[in-house]
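1. pasting the sequence and the predicted model now:
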Amino acid sequence: MSAQNVVFLFVLTIAFGLFSLNVQRLVSYMRLGLPENRSDHHWARLANVARVGIAQTKILREPIAGFMHATIFWGFIVLTLGTIEIFLQGVFNGFSYERILWHPVYALYAVSQDVFAVLVLAAVAFAFYRRLVLHPRRLEGDRIEHLDAYVILGLIAGLMITLLLTNALLSVLDPSAVGPEKFISRALGRPFENISVRSARTAQLTFWWAHVFLVLIFLNYLPYSKHLHVVTSLINVYFSNTSWKAEEAVMRPMDLEADTDTFGAADVEQLTWKNLLDGYSCTECGRCTAACPANLTGKVLSPRKIVVNTRQRLMERGPVLTRETMAFFGADLVHGEGHAAAASLGAANGAGHRLLDGYITEEELWQCTSCRACVQECPVSIDQLDIINQMRRHLVLSESRFPAEVQPAFEALERNGAPWAFDPGDRARWADGMSIPTMADLAERGERPDVLFWVGCMGSFDDRAKKITVAFARILQACGIRFAILGQEEHCHGDPARRMGNEYLYQMLAKDTIDTLNRYAVTTVVTSCPHCFHQIGNEFPQLGGNYEVIHHSTYIERLLQLGLVPLGTEDGKRLTVAYHDSCYLGRYNDVYEAPRETLRRALPVVNLVEAPRSRDRGLCCGAGGGRMWMEERQGKRINIERTEELLATGAETIAVACPFCLTMMSDGVKAKQSSVPVVDVAELVASRLDIA
Amino acid sequence: MKIAVCIKRTPDSETRFRIGASGSAIDEGGVKFDMDDFASYAVEVALQLKEKTGPGEVVAIALGPDNVQETLRKAMSMGVDRGIQLKADAVPFDGLAIAKALAAELEAGAFDLIFFGKHAFDTGSGVVGTATAELLDLPCVTAASKLEIANGKGTARRELEGAAEMVEFSLPAVVTIDEGIARPRYPSLKGIMAAKKKPLEAKPAQLGTPRVAVKGMALPPDRPPGRIIGEGSAAVSELVKLLQTEAKVL
Amino acid sequence: MANFLVFAETRGAELRKVAGEAVSVARRLADATGGGEVHALVAGPSGVGQKAETLGRFGADVVLVVEHVALTTFAREAIAETVAQRANSASYRAIVLGFSAQGRDLGPRLAAKLDAPLVSDVTDVEITGDSLTVKHPAYANKVIVTLTVSGAPAIVSVRPSAFTATESPRAARLEPLAPAVDPTAGRVKVVQVIEGARGRPDLADAPVIVAGGRGLKAPENFKLVEDLADAFGNAAVGATRAVTDEGWRPHADQIGQTGRQVSPQLYVAVGISGAIQHLAGMRSSKTIVAINKDREAPIFKVADYGIVGDVLEVVPALTQAVREAKKGH
């Protein structure tokens, strides 16, 4: 072993030592979070890593920038093999995989190194161009954020250049060491063919060491940079619950019996380790914020900021809680979204300084419509919504802080079982004259229906939404479905309360609902409201209520498929319809096709047009997350933004599948002074019923 | 500051009532009860005052059977320090009888302020607060819509018909609270948990003999379903006539 | 034969409408019990006695005049003590007053001082033999309660406008009465009387509310709403969210789920469609009138009376009609 090897080992040890100290530090901070079990669903999690991580499916949602990143990412994986080879060279002079690999495999490997080095370099060049020339809005950060990005891109470019040049000069020094597979390196070596051996050797060694140093500097820079995601992203995707259906889109369960002083999360140690890992994994790409309906209409809420702030606060709080004595591992680069509080490191432990209020304001938290666009977009499967929800829970349960206009909704839920002050006795009035039996009626006769029609509060009390209820009931009757309603025994399942952070009120209402449903031994439920659909079908299991729940658009589609719906055949007028995807039906539950298929089957000649942002990119109507009960105080109204988009499609009718979307779109259309009707799919189908 | 708030347990104001079998009480089946709205404004005023003036105590008092304990706990979950139940089998309609029981309890309390709601949703009579004040021979502001307390003195605003009066008084005093002063805080889960451990004392009520008794209850004649009485300005005179004779609001 | 005492309420030196109504009620009760006397007590600044003579029109036999400069404002403790001492010195079957801002304060004081049963907000009253039976709308006007009152004197506080002041003319004797205690020594001092902010009551206690919505088309047209409110005299002006969002009216005027919740005696909805959020704020109003050009508007389902028409045309006509009706109040 030569002196060089010893020096190399020494350098390697220092570098890895520093890195592992940092890793330990970061892990110790992460452990400050609450425990939770994410070791279930092993195979599904691995599948996600393969899909979202390796195959970069989410990154590729943006084709150009996505391909750029995928190139760098795949390049990184491939080139890491090369880095290992180089490190081994540092210890064992002249080491090469060629010695141990079957030649075709080695050839493939060698080609890949060269090709990817160039591809990565090209991608980095494009990245620089994007940042410096194109200025995409979501990449607009503060000075430090930009600096961080340039440092990373610079380092990567440096790595590629030093790699290529190392091999280029090696090909001049020892052509046999650089085979024809590394054609690029060899081509790059040609200009140097005539320099002296000594210069070539010096240069090659320089580039080799430069490459090694760049790798080790890069490695140790990671813990201080948003580029930490390189280490954490695949791990984060593995532990995430955001990438498989419906199971994931449920709110975190909460044990209210737990003997605890505080509910929800006001600071990082009240979030779970997974939330903190999310903080480490954020690259600040801003795709979440770019998709956020609140942010894009000018509100302060930014999902990216939520995650960045979590990480910043952890860096601030971690050293204090772990009583860390190594002062030079100071706080992380503090920046992001221009939040002034983050800069006040001195106030780090002033009384009351915490994640909530110190970084993330109440205003931001209440602006969220829980549409899940942020979660949908995140390439590393961060769950921004989870943090928002936990903080809302803290605001409501521990501090009773929420927008004043929400209080009547909470009180009405508690007293009347509905989020508005309506007389519970009026609940089944819409059914007057329709001869619809209640569960109680049937139970008295010892009968049970095939399906329970859960109407929901909007459909029971709101004049416009009642029309949807009646339309759907007529369809069911026309098809001869044996159904019943709960009538006055129905009350809100508590979802609005839950969305707004009031877990206590929610559990009270939900448990009571489950009791009622179980009392009637309900197994199958159909509902015309996506919020009821999601709550009863996906979140009730947390409290022991397990039922098969079908949304009415899916149910109608099935009925149409089975040919059970008596439709009039005449009137072949072509109708251009724009269908607006409901967030709780779409992103939450993957129901995109059923309502569209329903429209196609029911309307003889329909021209379905899509808004630019549809399906899993659909723009929220603005009513979710309890916002139906809140004032919009900043920026443009979300429903106006969406209405404009839908009207711009030139559609003659806007179709929805949710009573809240119906209200928001109707308001929007009225505000734009348009006469385009907004109707529920059930109404469109019912209008075509051909019954004597 | 030592503050007392007298509260009442009343049905939810959105209920559509039915008359019970006896004909002289509402059918309580399915009716949700909670702290009376005006009483909750009074509790809020008391709590805000305590928060502003520093160390002190807020005591909630309710008269009635054991179900009023739930209402006292609600007050405590909002922040009231302790509760007193004056046990009575039923809450009489006669406000003066209730006032006598409350006065007996409040007499020795040395309270700086005693708050009541302006009236209770069920009786709508507005007797208890001011009558209690009179029995205790304390200055009383009835139906304050604004209130300021400082240095042992108080200023309040009372709404009159189409006008308002500002009054001044010294403590100790009784104030009955009108709506608009404060929005009752929503109890946090923390508060609800804490309320379970706060002291609640029950003692027999020294009710006066009720001399106002409910003879019967009836639902008002059904609001005839809204009718469109006409079109355009031609319908105006008919409307005015109906407002005068039928609705009696003009 | 029994005598009845009435507290005939004044504002400053002017009698209030409910004073005549209270006297009328007392007169009817007196007539029903053998034709006793009705004594109306009036408290106010100098000159109030002359105004009070008119109470004879409604059946007052005697007008007890308590005149003092400090009685320009409501000297509640002095008045309560004066009425109580009068009631103690003579024998009355019942004391009648109005359930007004003054009456809400005075009634309970009298009840406590005299240890006399009090019934408030009464809309009907009868005497049969020993017992007095009254009707009172309880539970926010949702249930009519019939109460029996035993003992004399009984204190009856009548709902303003529930009884008509009927004529039963006679020449009333004026008797001066000294205040029982110094009206300037009250422990609750009136320091200021504020005539209706903007001349209008607050939404919370206005007996009449006129509210405007988008059907008014433009912010200038809100003047029509204000004119109508002025015509009613004691009305507040409200607005829907659509209109406050546009900035036509301040947010404080917004009636609805996220704004003010009101329950006046009369709610006039002008150009309001009746969206669920607005209804949540006003549907417990006693009487609802709706004016809207759309016959299908949901507001008509909750309104007692509706006029289908252009608000810009109907509202001025209504304003005029209300002014006429109000003449002589």
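-> Looks like it came in fine.

2. remind me which residues of the stretch 151-300 of chain C are low pLDDT?
-> Low-confidence regions of the stretch 151-300 of chain C, defined here as pLDDT under 70, cover residues C:196-199, C:204-205, C:258.

3. and the strands in it?
-> For the stretch 151-300 of chain C, applying DSSP state E, counting those that start in this stretch gives strands covering C:154-158, C:173-176, C:189-195, C:208-212, C:235-239, C:266-270, C:287-292.

4. same check, this time on chain B
-> Per DSSP state E, chain B carries strands over the ranges B:2-7, B:9-11, B:33-35, B:57-64, B:82-87, B:113-117, B:140-150, B:153-159, B:163-170, B:173-177, B:200-204, B:212-218, B:227-231.

5. quick check: closest non-adjacent residue to residue A:539.
-> Spatial nearest neighbour of residue A:539, chain neighbours left out: residue A:250 (4.9 Å); criterion: Cβ to Cβ, 6 or more residues apart in numbering or on different chains. Using the backbone N, CA and C atoms, a C-beta is placed for each residue, glycine as well.

6. surely the one you found meets residue A:537?
-> No - the pair residue A:250 / residue A:537 is not scored as a contact, 9.9 Å apart, by Cβ atoms under 8 Å.

7. so between these two, which is more surrounded?
-> residue A:537 (21 against 17; other Cβ atoms under 10 Å in any protein chain shown).

8. surely that one meets residue A:547?
-> Yes - the pair residue A:537 / residue A:547 is scored as a contact, 6.9 Å apart, by Cβ under 8 Å.

9. can I see the domain layout of chain B?
-> B:2-204, B:221-250 (automatic domain parsing).

10. average model confidence for the longest one?
-> It refers to domain B:2-204. For domain B:2-204, the mean pLDDT works out to 94.

11. quick one: that domain near chain A?
-> Yes - with Cβ under 8 Å from any Cβ of the partner chain as the criterion, chain A is reached by domain B:2-204 at B:12, B:14-16, B:30, B:32, B:34, B:183, B:185-192.

12. gap between the two ends of that domain?
-> 23 Å (Cα to Cα, to the nearest Å).

13. residues in the stretch 1-150 of chain C within reach of chain B, list them.
-> C:11, C:16, C:73-74, C:77, C:80, C:100-102, C:104-105, C:107-109, C:111-113, C:115-121, C:133, C:136-150.

14. pull out whichever of these are also neighbours of chain A.
-> Among the residues of the stretch 1-150 of chain C next to chain B, proximity to chain A is found for none (Cβ under 8 Å from any Cβ).

15. from those, list just the buried residues.
-> Among the residues of the stretch 1-150 of chain C next to chain B, those classed as buried by 16 or more other Cβ atoms under 10 Å in any protein chain shown are C:11, C:16, C:73-74, C:77, C:80, C:100-102, C:104-105, C:107-109, C:111-113, C:116-121, C:133, C:136-149.

16. just those residues: which are in helices?
-> C:77, C:80, C:101-102, C:104-105, C:107-109, C:111-113 (DSSP state H).

17. count of residues packed around whichever residue of the stretch 301-450 of chain A sits closest to chain C?
-> Residue nearest to chain C within the stretch 301-450 of chain A (Cβ to the nearest Cβ): residue A:405, separated by 3.9 Å. The number of residues packed near residue A:405 is 14, by other Cβ under 10 Å.

18. now the one 4 residues further on
-> Look at residue A:409: counted by other Cβ under 10 Å, it has 28 neighbours.

19. hang on, residue A:551 packs against residue A:530?
-> Yes - assessed by Cβ under 8 Å, residue A:551 is found in contact with residue A:530 at 6.3 Å.

20. what do these two both touch?
-> Listed as contacting both residue A:551 and residue A:530 by Cβ atoms under 8 Å, 6 or more residues apart in numbering or on different chains are A:585, A:589, A:657.

21. need the worst-confidence member of those residues.
-> Ranking those by pLDDT, residue A:589 lands last with 93.

22. was I right to think it contacts residue A:531?
-> No - using Cβ under 8 Å, residue A:589 is not in contact with residue A:531, being 11.0 Å away.

23. those two: which is more packed in?
-> Applying other Cβ under 10 Å to residue A:589 and residue A:531 shows that residue A:531 carries more neighbours, namely 26 against 21.

24. the more buried one: what secondary structure?
-> Secondary structure for residue A:531, judged by DSSP: H, G, I helix; E, B strand; the rest coil, is helix.

25. would you mind measuring from residue A:23 to chain C?
-> 50 Å (Cβ to the nearest Cβ, to the nearest Å).

26. quick check: the closest residue to that residue other than its chain neighbours vs residue A:142, distance?
-> Leaving out its chain neighbours, the residue that sits closest to residue A:23 by Cβ to Cβ, 6+ apart is residue A:223, at 7.4 Å. Residue A:223 sits at a distance of 20 Å from residue A:142 (criterion: Cβ to Cβ, to the nearest Å).
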